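Student: model this:
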Amino acid sequence: MFWKKKRPPFIKHSISRKMNILYSVVLLGAFAACWLANNFFLERYYVSNKEEVLREAYKSLDDASGTETLEEDEFVQQLGVLCETNNISLFVMENDGQVKIYTMKDYQLMRRRLYMYLFGQFPPEETGEMLEEEEFYAIRMNRDNYSDMEYLEMTGMLQNGELFLMRAALEPIRESVQLANRFLLYVGIFVLVAGALMIQLIARRITGPLLELAKLSERMSSLDFDVKFSGKKEDEITFLGNRMNRLSETLEKTISELKTANNELQRDIEQKTKNDEMRREFLSSVSHELKTPIALIQGYAEGLQECINEDPESRSFYCEVIMDEASKMNRMVQNLLTLNELEFGNEVVTMERFDIALMIRNMLSASRILFEQKQVKLIYEQREPVYVWANEYKLGEVMNNYITNALNHVEAENIIKITLEKQSGHVRVGVFNTGKPIPEQEIGRIWDKFYKVDKARTREYGGSGVGLSIVKAIMESLHQKYGVVNYENGVEFWLELDDRADA
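Tutor: Here you go, the predicted model:
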């Protein structure tokens, strides 16, 4: 079952909104933590890593100095790659001042810098920071006024007494930190936006079935059990939806049983106060209605016995009258038994939900020959299903009486029109036929047993005056409304039925 999609209602504390807020808070928190870590710790990490590189370079120099391989081409090449890779400047000189190894063109600056460390001749404005001091080397962070840059510098002595200076500029490190922070900002904004869109899609996939379940429960609260959850994924939401489908089926069955029990209870209460009066009325009505056909049968039978008419044609006519009156009496008795059973409440009326449009269509199809014999133009345009709550068999008797009544009284344009109209909480069924309207003073009495508006015409088609009484008894046993409306060109008999379980 599908229904027209509506915009989801505004939910103050919706899961989707909570997921978006939670995701945004977590992502912003993670981004802020990364940004703070970069600002406060990334530079220190770079410096610490650079110190480790300086130590590795010193160890290589010291080992090479001890094995006298310091000036070999292979070692010098490896040392150059190390320095170039890690952006390190290296200067080594012998203890007599002779230059031995350098990795930069202007090595004189490195020599002057090394002498400044040896003799402690730093300008007052150069306030360096000692990071590590060992027996043969020291690592400082100091500013070079000549280049106006801050360096990480290592000075010391190798095993063979040679002096060295290694340094790495800190400015590229700071630029790398700033670049990393800027890149992190851009990436963070992109991830935040992309993640917000992604979490929105994920939230919709999660909340969509939940909203469907909410709509399902809302329609179930209105006792509409036609709607079913249609999820196909094997997850918890589908599991819940399937359980709600089972709940819907169980509720529909239970409500059907409750309506049946409630209907029976109401009928029992009403019938207890009517039984005695109905018995007296029934006996009185039967004796009155059977008086005429019995008198006719008796009179024609006596005529046959006394041989009033001796010719075969007359005797045949007498016999036909007797048989016709006996047949009418039999139909009357059958109708009276049916009416008596309804009025005395000897039968349990089971309520069920069925398609009344289909039921009427089947009845009209079965009675098509009757309409054709009377040349009646039948109008019935309902094609879509119309579900109601009633007893299908009993309602069939009501509709049969309405349609038969219309066939017996249709005149003029010879039109019979059957309509189904959905109204608030119920369905109105109408059976209209063109012909003479019912006199207004007679409308209130047509539902009484044996009452006939046009006795001559009723006698003509063999009516007993019980059909509308049966309609009345059935509709009252169903606790539903019924009635008749006069029009200028005809009469419409109508009834109403519940289309909801809670009606």
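Student: drop to CA atoms for contacts and neighbour counts, all remaining ones
Tutor: Will do.
Student: Summarise which helices and strands the helix or strand hosting residue 173 is packed against.
Tutor: Secondary structure assignment for residue 173, by DSSP states H and E: helix 171-221. Applying 3 or more Cα pairs under 8 Å, 6 or more residues apart in numbering; DSSP states H and E, one finds that helix 171-221 makes contact with helix 15-37, helix 43-66, strand 149-157, helix 236-305.
Student: Could you state which residue of this protein sits nearest its centroid?
Tutor: By Cα atoms, centre = their mean, the mean C-alpha position of the chain lies nearest to residue 212, the distance being 1.3 Å.
Student: Quick check: the gap between it and residue 238.
Tutor: 11 Å (Cα to Cα, to the nearest Å).
Student: Residue 369: neighbouring residues, count only.
Tutor: Other residues near residue 369 come to 11 when the count uses other Cα atoms under 10 Å.
Student: cool, and the one 4 residues further on?
Tutor: The number of residues packed near residue 373 is 8, by other Cα under 10 Å.
Student: Next: residue 203.
Tutor: Neighbours of residue 203 (other Cα under 10 Å): 17.
Student: Now do it, the pLDDT please.
Tutor: You'll see residue 203 listed with a pLDDT of 72.
Student: I figured it was touching residue 19, is that so?
Tutor: Yes: counting by Cα atoms under 8 Å, residue 203 does reach residue 19; the two are 7.0 Å apart.
Student: quick one on the thing from earlier: strand 149-157 and the helix holding residue 173, what's the angle between them?
Tutor: Per axes from the mean of the first three to the mean of the last three Cα atoms, to 10 degrees, the angle that helix 171-221 makes with strand 149-157 is 120 degrees.
Student: and the helix or strand containing residue 388, what does it pack onto?
Tutor: Assigned by DSSP H and E, residue 388 falls within strand 387-390. Here strand 387-390 touches strand 352-355, helix 356-366, strand 490-498, going by 3+ Cα pairs under 8 Å, 6+ apart.
Student: quick one: buried residues of the second one?
Tutor: Read that as helix 356-366. Residues of helix 356-366 classed as buried: 356-360, 364 (neighbour count, 16 or more other Cα atoms under 10 Å).
Student: List of residues touching that helix?
Tutor: 382-388, 396, 399-400, 420 (Cα atoms under 8 Å, 6 or more residues apart in numbering).
Student: Mind giving me the PyMOL command for buried ones among the residues you listed?
Tutor: To isolate the buried subset of these in PyMOL, counting by 16+ other Cα under 10 Å, use the following:
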select buried, resi 386+387+388+399+400+420
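Student: Let me know the closest of the contacts of helix 356-366 to residue 426.
Tutor: The nearest member of these to residue 426, counting by Cα to Cα, is residue 388 at 7.8 Å.
Student: got the contact list for that closest one?
Tutor: 353-356, 426-427, 497-500.
Student: Go again with 6 Å.
Tutor: Counting by Cα atoms under 6 Å, 6 or more residues apart in numbering, residue 388 makes contact with 353-354, 498-499.
Student: Beta-bridge partners for residue 484, please?
Tutor: Counting by DSSP bridges, residue 484 is bridged to residue 493.
Student: surely it meets residue 493?
Tutor: Yes: shown here, residue 484 and residue 493 form a contact pair, counting by Cα atoms under 6 Å, at 4.3 Å.
Student: higher neighbour count, those two?
Tutor: residue 493 (20 against 16).
Student: Can you give me the pLDDT of that one?
Tutor: 96.
Student: Nearest residue to residue 100 in space, please, no chain neighbours.
Tutor: residue 93 (4.9 Å; Cα to Cα, 6 or more residues apart in numbering).
Student: wait, residue 412
Tutor: residue 435 (5.7 Å).
Student: since we're on the one you found, how many residues are nearby?
Tutor: Neighbours around residue 435, by other Cα under 10 Å: 20.
Student: Residue 490 is in contact with that one, correct?
Tutor: Yes: judged on Cα under 6 Å, residue 435 makes contact with residue 490 at a distance of 4.5 Å.
Student: What's the first helix or strand after the helix or strand bottoming out on mean pLDDT in the chain?
Tutor: With mean pLDDT, DSSP states H and E as the measure, the helix or strand of the chain carrying the lowest mean pLDDT is helix 455-461 (a mean of 47). Where DSSP H and E defines the elements, the next helix or strand beyond helix 455-461 is helix 467-477.
Student: what does that following helix rub up against?
Tutor: Under Cα under 6 Å, 6+ apart, the answer for helix 467-477 is 339, 398, 401, 447-449.
Student: Please indicate which of the residues you listed are buried?
Tutor: 339, 398, 401, 447, 449.
Student: Now do the SS call for the fourth one.
Tutor: Spelled out, it's residue 447. For residue 447, the assignment made with DSSP: H, G, I helix; E, B strand; the rest coil gives coil.
Student: do the second one as well
Tutor: Applying three-state DSSP to residue 398 yields a three-state assignment of helix.
Student: I'd like the distance from it to residue 351, if you could.
Tutor: 15 Å.
Student: And residue 242, by the same measure?
Tutor: 27 Å.
Student: what about the two, which has more around it?
Tutor: Between residue 242 and residue 351, counting by other Cα under 10 Å, residue 351 is the more crowded of the two (22 against 17).
Student: Touching, the more buried one and residue 262? I think so.
Tutor: No: taking contacts as Cα under 6 Å, residue 351 lies outside contact range of residue 262: 9.9 Å.
Student: any chance of the buried residues of helix 356-366 in TSV, with distance to residue 134 too?
Tutor: Output for those, formatted as TSV (distance: Cα to Cα, whole Å):
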residue	distance to residue 134
356	103
357	103
358	103
359	106
360	108
364	113
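Student: taking the residues you listed as a set, which two sit the farthest apart in space?
Tutor: Longest span within those, Cα to Cα: 356 and 364, 12.3 Å.
Student: right, and the secondary structure at residue 418 would be what?
Tutor: What three-state DSSP gives for residue 418 is strand.
Student: Dig out what it forms beta bridges with.
Tutor: For residue 418, the beta-bridge partners are residue 431 (DSSP bridges).
Student: how about it, what does it touch?
Tutor: 380, 430-431.
Student: Now tabulate these in TSV and tack on pLDDT and distance to residue 152.
Tutor: Output for the contacts of residue 418, formatted as TSV (pLDDT from 0 to 100; distance: Cα to Cα, whole Å):
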residue	pLDDT	distance to residue 152
380	94	100
430	96	102
431	96	105
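Student: And residue 383, what's its pLDDT?
Tutor: pLDDT at residue 383 comes out at 87.
Student: Check the gap between it and residue 427 for me.
Tutor: Distance of residue 383 to residue 427, computed by Cα to Cα: 15 Å.
Student: what's the answer for residue 298, then?
Tutor: 49 Å.
Student: So for the two, which sits in the more crowded spot?
Tutor: Neighbours per residue, other Cα under 10 Å: of residue 298 and residue 427, the larger number sits with residue 427, 21 against 13.
Student: which residues does that one bridge with?
Tutor: Beta-bridge partners of residue 427, as defined by DSSP bridges: residue 422, residue 497.
Student: Contact partners for it?
Tutor: Applying Cα under 6 Å, 6+ apart, the residues near residue 427 are 421, 496-497.
Student: Output the contacts of helix 356-366 in JSON lines; the columns should cover distance to residue 58.
Tutor: JSON lines is the format used below for these (distance: Cα to Cα, whole Å):
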{"residue": "382", "distance to residue 58": "100"}
{"residue": "383", "distance to residue 58": "97"}
{"residue": "384", "distance to residue 58": "94"}
{"residue": "385", "distance to residue 58": "94"}
{"residue": "386", "distance to residue 58": "95"}
{"residue": "387", "distance to residue 58": "94"}
{"residue": "388", "distance to residue 58": "97"}
{"residue": "396", "distance to residue 58": "108"}
{"residue": "399", "distance to residue 58": "110"}
{"residue": "400", "distance to residue 58": "113"}
{"residue": "420", "distance to residue 58": "101"}
